[in-house]
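A.B. asks: would you be able to build a 3D model of this:
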Amino acid sequence: MKTKTLLIAAIAFLAMQTTNAQDELQSIKSTLMNYIEGTANGEPDRVTNAFHPELNLYSISDDDLKVWYGKDYIGGIKEGQKSNRIGRIISIDYENDAAMAKIEILMPGAKRIYTDYLMLLKFQGSWKIIHKSYTFVSYPE
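C.D. replies: Sure thing, here's the model as predicted:
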C-alpha cells in the first residue's frame, strides 16, 4: 500500500514539475517574441518590455569589442515602422530563474543572417533579456 501511495505522489510531483516547466518555457518564449516581433514591426514598447533597463548589446568589429546601449538600440526603433527582419528562436535553456537563448534574424535587405545569444533572468516576476551578444554572416544574392 505504501509503495502505491509513493508512486502516486511521485507521478503527481512529476506532472506538477512538467506543468511548471512548460509555463516557464512559455514565459521565456513570450519575452523572446516581444523582442523579435517588436523589432520587426516597429513596436519599441514590446522591445522595452523584453529588455531589462540595464541591457547592453555586444559585438566584435575589426577585432574590437563594440558596446551598444540598450536604450540607444530601442531608441532606433520607430513606432509603426516595419523592418525587413525575419526572426526565429533556435534554442532555449533555463534553470530556475536564469536562461539563455539563441535567436536567428534573417535580414534580406542587408543580405545578412544575425545570430543573437541572449541571457535572461526572471526579474521581479517576469523574464527579461539582460545581455545580448551578436554576430552575423553575409550571404550572396
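
A.B. asks: going forward, measure contacts between C-alpha atoms and count neighbours the same way
C.D. replies: Fine.

A.B. asks: helices along this structure, start to end?
C.D. replies: Listed in chain order, the helices of the chain (DSSP state H) span 2-40, 44-50, 70-75.

A.B. asks: surely Ile103 and Met119 touch.
C.D. replies: No. Counting by C-alpha atoms under 8 Å, Ile103 does not reach Met119; the two are 11.1 Å apart.

A.B. asks: circling back to that earlier point, out of the helices of the chain, nearest to Met107?
C.D. replies: The closest of these to Met107 is helix 2-40. By C-alpha to C-alpha, the value is 10.1 Å.

A.B. asks: find the centremost residue of the protein, please.
C.D. replies: Leu32 (3.4 Å; C-alpha atoms, centre = their mean).

A.B. asks: what's near enough to touch the residue lying closest to it once chain neighbours are set aside?
C.D. replies: Distance criterion C-alpha to C-alpha, 6 or more residues apart in numbering; nearest residue to Leu32, sequence neighbours excluded, is Ala50 at 6.9 Å. Taking C-alpha atoms under 8 Å, 6 or more residues apart in numbering, we find Ala50 in contact with Thr31, Leu32, Asn34, Tyr35, Trp127, Lys128, Ile129.

A.B. asks: what of Asp97?
C.D. replies: Asp97 sits in contact with Leu121, Lys122, where contact means C-alpha under 8 Å, 6+ apart.

A.B. asks: so how far is Asp72 from it?
C.D. replies: Separation of Asp97 from Asp72 (C-alpha to C-alpha, to the nearest Å): 27 Å.

A.B. asks: same question, Gly42
C.D. replies: Separation of Gly42 from Asp72 (C-alpha to C-alpha): 15 Å.
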